[in-house]
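*Asks:* got a structure for you, letters missing:
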(Lines give C-alpha, C1' and ligand atoms only; values in the text may rest on other atoms or scores of the structure.)
Protein backbone atom coordinates (compact mmCIF):
# COMPACT_ATOMS: atom_id res chain seq x y z
CA UNK A 1 0.00 0.00 0.00
CA UNK A 2 1.02 3.62 -0.30
CA UNK A 3 1.33 5.69 2.87
CA UNK A 4 1.64 9.46 2.98
CA UNK A 5 4.68 9.22 5.22
CA UNK A 6 5.20 6.31 7.60
CA UNK A 7 7.63 8.25 9.80
CA UNK A 8 5.98 11.65 10.03
CA UNK A 9 2.61 9.98 10.61
CA UNK A 10 4.22 8.04 13.49
CA UNK A 11 6.46 10.49 15.38
CA UNK A 12 7.74 7.98 17.95
CA UNK A 13 8.85 5.76 15.08
CA UNK A 14 10.52 8.79 13.48
CA UNK A 15 12.57 9.41 16.60
CA UNK A 16 13.54 5.75 16.76
CA UNK A 17 14.70 5.89 13.14
CA UNK A 18 16.63 9.15 13.60
CA UNK A 19 18.00 9.14 17.15
CA UNK A 20 19.94 12.22 18.27
CA UNK A 21 21.03 11.37 21.81
CA UNK A 22 23.66 14.10 21.80
CA UNK A 23 21.19 16.72 20.57
CA UNK A 24 23.66 17.71 17.85
CA UNK A 25 21.14 19.57 15.70
CA UNK A 26 19.83 21.73 18.54
CA UNK A 27 23.31 22.33 19.95
CA UNK A 28 24.61 23.37 16.53
CA UNK A 29 21.70 25.77 16.09
CA UNK A 30 22.27 27.20 19.57
CA UNK A 31 25.99 27.66 18.81
CA UNK A 32 25.08 29.61 15.66
CA UNK A 33 22.62 31.77 17.57
CA UNK A 34 25.21 32.45 20.26
CA UNK A 35 28.01 33.19 17.78
CA UNK A 36 25.86 35.82 16.07
CA UNK A 37 24.41 37.34 19.24
CA UNK A 38 20.77 36.33 18.76
CA UNK A 39 18.23 37.20 21.41
CA UNK A 40 16.23 34.55 23.28
CA UNK A 41 12.97 34.45 21.28
CA UNK A 42 13.28 31.65 18.68
CA UNK A 43 10.94 30.11 16.11
CA UNK A 44 11.78 26.49 15.24
CA UNK A 45 10.20 26.25 11.79
CA UNK A 46 9.42 22.70 10.74
CA UNK A 47 9.91 21.58 14.33
CA UNK A 48 8.76 17.99 13.74
CA UNK A 49 8.63 15.99 16.96
CA UNK A 50 9.73 18.99 19.04
CA UNK A 51 12.99 17.38 20.13
CA UNK A 52 15.17 20.33 19.05
CA UNK A 53 12.70 22.97 20.18
CA UNK A 54 12.57 21.44 23.66
CA UNK A 55 16.37 21.36 23.94
CA UNK A 56 16.59 25.04 22.96
CA UNK A 57 13.89 25.76 25.56
CA UNK A 58 15.89 23.96 28.24
CA UNK A 59 18.94 25.97 27.18
CA UNK A 60 17.08 29.11 28.24
CA UNK A 61 15.50 30.29 25.01
CA UNK A 62 11.87 31.34 24.55
CA UNK A 63 10.87 28.88 21.82
CA UNK A 64 7.88 28.49 19.54
CA UNK A 65 7.75 25.36 17.40
CA UNK A 66 5.76 25.40 14.16
CA UNK A 67 4.92 22.48 11.88
CA UNK A 68 2.22 21.46 9.41
CA UNK A 69 1.94 17.86 10.71
CA UNK A 70 -0.78 17.42 13.33
CA UNK A 71 0.66 14.07 14.54
CA UNK A 72 4.09 15.65 15.00
CA UNK A 73 2.66 18.57 16.97
CA UNK A 74 0.61 16.27 19.20
CA UNK A 75 3.73 14.22 19.93
CA UNK A 76 5.75 17.37 20.63
CA UNK A 77 3.23 18.75 23.11
CA UNK A 78 3.12 15.44 25.00
CA UNK A 79 6.73 14.28 24.88
CA UNK A 80 8.74 17.51 24.50
CA UNK A 81 6.88 20.13 26.55
CA UNK A 82 8.13 23.64 27.21
CA UNK A 83 7.89 25.42 23.86
CA UNK A 84 4.66 26.79 22.45
CA UNK A 85 3.65 24.61 19.48
CA UNK A 86 1.60 26.00 16.58
CA UNK A 87 0.38 24.56 13.29
CA UNK A 88 1.73 26.49 10.33
CA UNK A 89 2.73 25.95 6.71
CA UNK A 90 6.33 27.06 6.27
CA UNK A 91 5.54 28.15 2.69
CA UNK A 92 3.48 31.03 4.08
CA UNK A 93 2.63 31.87 7.68
CA UNK A 94 1.74 34.65 10.09
CA UNK A 95 2.13 33.76 13.75
CA UNK A 96 0.71 35.60 16.75
CA UNK A 97 2.83 37.43 19.28
CA UNK A 98 5.84 39.72 19.15
CA UNK A 99 8.55 39.27 16.50
CA UNK A 100 11.23 36.65 16.92
CA UNK A 101 14.95 37.16 17.42
CA UNK A 102 15.71 34.14 15.22
CA UNK A 103 14.13 31.54 12.98
CA UNK A 104 15.75 28.10 12.98
CA UNK A 105 15.02 25.71 10.09
CA UNK A 106 16.83 22.37 10.45
CA UNK A 107 17.14 19.04 8.66
CA UNK A 108 16.27 20.29 5.16
CA UNK A 109 12.85 21.59 6.23
CA UNK A 110 13.45 24.64 4.02
CA UNK A 111 13.71 22.35 0.99
CA UNK A 112 10.04 21.37 1.21
CA UNK A 113 9.62 24.63 -0.70
CA UNK A 114 9.58 22.93 -4.10
CA UNK A 115 8.90 25.98 -6.25
CA UNK A 116 10.22 29.53 -6.42
CA UNK A 117 6.82 30.72 -5.19
CA UNK A 118 7.09 28.40 -2.17
CA UNK A 119 10.57 29.72 -1.37
CA UNK A 120 9.44 33.33 -1.73
CA UNK A 121 6.55 32.57 0.62
CA UNK A 122 8.85 31.12 3.26
CA UNK A 123 11.43 33.89 3.11
CA UNK A 124 8.87 36.69 3.11
CA UNK A 125 7.11 35.02 6.06
CA UNK A 126 10.41 34.71 7.93
CA UNK A 127 11.18 38.35 7.35
CA UNK A 128 7.79 39.38 8.70
CA UNK A 129 8.29 37.13 11.72
CA UNK A 130 11.72 38.53 12.59
CA UNK A 131 12.59 41.72 14.38
CA UNK A 132 15.11 44.05 12.66
CA UNK A 133 18.51 42.41 13.03
CA UNK A 134 16.95 38.98 13.55
CA UNK A 135 18.59 35.81 12.25
CA UNK A 136 17.64 32.94 9.98
CA UNK A 137 19.66 29.78 10.72
CA UNK A 138 19.12 26.88 8.32
CA UNK A 139 20.69 23.48 7.60
CA UNK A 140 19.84 21.41 4.54
CA UNK A 141 20.99 19.21 1.67
CA UNK A 142 23.23 21.02 -0.81
CA UNK A 143 22.22 21.11 -4.46
CA UNK A 144 25.82 21.76 -5.50
CA UNK A 145 26.83 18.32 -4.20
CA UNK A 146 24.83 16.69 -6.99
CA UNK A 147 26.56 18.61 -9.79
CA UNK A 148 29.31 16.03 -10.04
CA UNK A 149 28.63 13.37 -7.45
CA UNK A 150 26.35 10.40 -8.05
CA UNK A 151 27.28 8.38 -4.96
CA UNK A 152 23.79 8.77 -3.47
CA UNK A 153 22.10 7.98 -6.80
CA UNK A 154 24.05 5.03 -8.20
CA UNK A 155 22.16 2.27 -6.37
CA UNK A 156 19.32 1.90 -3.87
CA UNK A 157 20.27 1.95 -0.20
CA UNK A 158 18.76 -0.19 2.51
CA UNK A 159 18.72 -0.47 6.26
CA UNK A 160 16.62 -1.28 9.23
CA UNK A 161 16.00 -0.88 12.93
CA UNK A 162 13.84 -2.33 15.69
CA UNK A 163 11.21 -0.48 17.67
CA UNK A 164 8.89 -1.85 20.36
CA UNK A 165 9.53 -5.45 19.33
CA UNK A 166 9.01 -4.93 15.61
CA UNK A 167 11.80 -4.99 13.03
CA UNK A 168 11.51 -2.43 10.24
CA UNK A 169 13.51 -2.54 7.02
CA UNK A 170 13.55 -0.13 4.10
CA UNK A 171 14.89 0.25 0.59
CA UNK A 172 15.44 3.81 -0.64
CA UNK A 173 15.91 5.00 -4.21
CA UNK A 174 16.99 8.59 -4.93
CA UNK A 175 16.70 10.30 -8.30
CA UNK A 176 17.28 13.87 -9.43
CA UNK A 177 14.58 15.69 -11.37
CA UNK A 178 16.87 18.23 -13.00
CA UNK A 179 14.19 20.32 -14.67
CA UNK A 180 12.37 20.87 -11.36
CA UNK A 181 15.59 20.88 -9.27
CA UNK A 182 14.10 18.24 -6.99
CA UNK A 183 15.72 15.31 -5.24
CA UNK A 184 13.02 12.65 -5.33
CA UNK A 185 12.96 9.75 -2.88
CA UNK A 186 11.02 6.51 -3.15
CA UNK A 187 11.15 4.38 -0.02
CA UNK A 188 9.53 1.00 0.59
CA UNK A 189 9.07 -0.13 4.19
CA UNK A 190 8.51 -3.67 5.38
CA UNK A 191 8.08 -4.98 8.91
CA UNK A 192 7.98 -8.39 10.54
CA UNK A 193 4.61 -7.83 12.23
CA UNK A 194 2.59 -9.00 9.23
CA UNK A 195 1.74 -5.52 7.95
CA UNK A 196 1.63 -4.90 4.21
CA UNK A 197 4.64 -3.05 2.74
CA UNK A 198 4.35 0.74 2.77
CA UNK A 199 5.60 2.76 -0.18
CA UNK A 200 6.15 6.47 0.19
CA UNK A 201 7.46 9.23 -2.05
CA UNK A 202 8.90 12.59 -1.04
CA UNK A 203 11.05 15.31 -2.55
CA UNK A 204 13.35 18.18 -1.64
CA UNK A 205 14.26 21.27 -3.64
CA UNK A 206 17.93 21.30 -4.61
CA UNK A 207 19.19 24.82 -3.97
CA UNK A 208 22.65 25.92 -5.01
CA UNK A 209 24.71 28.17 -2.72
CA UNK A 210 24.65 31.23 -4.98
CA UNK A 211 20.98 30.69 -5.75
CA UNK A 212 20.25 30.68 -2.02
CA UNK A 213 22.30 33.86 -1.55
CA UNK A 214 20.32 35.53 -4.32
CA UNK A 215 16.95 34.50 -2.88
CA UNK A 216 17.91 35.68 0.60
CA UNK A 217 19.15 39.04 -0.71
CA UNK A 218 15.93 39.50 -2.68
CA UNK A 219 14.02 39.28 0.60
CA UNK A 220 16.27 41.67 2.48
CA UNK A 221 18.59 39.17 4.20
CA UNK A 222 22.35 39.64 4.54
CA UNK A 223 24.24 36.34 4.48
CA UNK A 224 26.60 36.16 7.46
CA UNK A 225 27.83 32.58 6.94
CA UNK A 226 27.31 29.99 4.24
CA UNK A 227 29.33 26.78 4.22
CA UNK A 228 29.22 23.02 3.82
CA UNK A 229 30.33 22.11 7.31
CA UNK A 230 30.93 20.91 9.81
CA UNK A 231 27.34 20.56 10.89
CA UNK A 232 25.03 18.14 12.69
CA UNK A 233 24.54 15.92 9.62
CA UNK A 234 28.02 16.11 8.03
CA UNK A 235 30.86 13.60 8.03
CA UNK A 236 32.89 14.29 10.07
CA UNK A 237 30.12 15.56 12.27
CA UNK A 238 30.16 18.84 14.16
CA UNK A 239 31.37 18.12 17.68
CA UNK A 240 30.85 21.39 19.50
CA UNK A 241 33.62 23.41 17.93
CA UNK A 242 33.10 27.09 17.11
CA UNK A 243 30.80 27.70 14.15
CA UNK A 244 31.95 29.98 11.32
CA UNK A 245 30.95 33.55 12.11
CA UNK A 246 32.54 35.45 9.21
CA UNK A 247 30.84 36.37 5.95
CA UNK A 248 30.46 33.30 3.77
CA UNK A 249 31.99 30.88 6.25
CA UNK A 250 35.27 29.08 5.53
CA UNK A 251 34.95 29.26 1.75
CA UNK A 252 33.69 25.78 0.82
CA UNK A 253 30.08 25.00 -0.07
CA UNK A 254 30.20 21.88 -2.23
CA UNK A 255 29.68 19.12 0.35
CA UNK A 256 26.44 17.24 0.78
CA UNK A 257 25.07 19.63 3.43
CA UNK A 258 24.64 23.39 3.31
CA UNK A 259 24.50 25.68 6.34
CA UNK A 260 23.46 29.33 6.29
CA UNK A 261 23.09 32.16 8.76
CA UNK A 262 21.46 35.35 7.47
CA UNK A 263 20.30 38.58 9.09
CA UNK A 264 17.48 40.97 8.24
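*Replies:* Ah, there it is. In this text the structure is predicted, and so the values were computed from the model without any measurement.
*Asks:* all strands of the stretch 1-150 of the chain, in order?
*Replies:* For the stretch 1-150 of the chain, strands defined by DSSP state E, counting those that start in this stretch occupy the ranges 41-45, 62-67, 84-87, 100-105, 130-141.
*Asks:* show me what counts as buried in the longest helix seen in the chain.
*Replies:* Looking across the chain with DSSP state H, the single longest helix is helix 116-129. Within helix 116-129, the residues that count as buried by 16 or more other C-beta atoms under 10 Å are 118, 119, 120, 121, 122, 123, 125, 126, 127, 129. Placement of C-beta: from N, CA and C, glycine included.
*Asks:* that helix packs against which elements?
*Replies:* strand 100-105, helix 209-218 (3 or more C-beta pairs under 8 Å, 6 or more residues apart in numbering; DSSP states H and E).
*Asks:* just send these back as TSV, with mean neighbour count and distance to residue 167 too.
*Replies:* TSV is the format used below for the helices and strands packed on helix 116-129 (neighbours: other C-beta atoms under 10 Å; distance: least, C-beta to C-beta, whole Å):
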stretch	mean neighbour count	distance to residue 167
strand 100-105	26	33
helix 209-218	17	39
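*Asks:* what segments of the protein are helices?
*Replies:* Going by DSSP H, the chain shows helices at 11-17, 24-35, 51-58, 70-79, 116-129, 209-218.
*Asks:* who touches the longest one?
*Replies:* Taking contacts as C-beta atoms under 8 Å, 6 or more residues apart in numbering, the residues outside helix 116-129 that touch it are 43, 45, 90-95, 99-100, 103, 110, 112-113, 136, 205, 207, 215-216, 218-221, 264.
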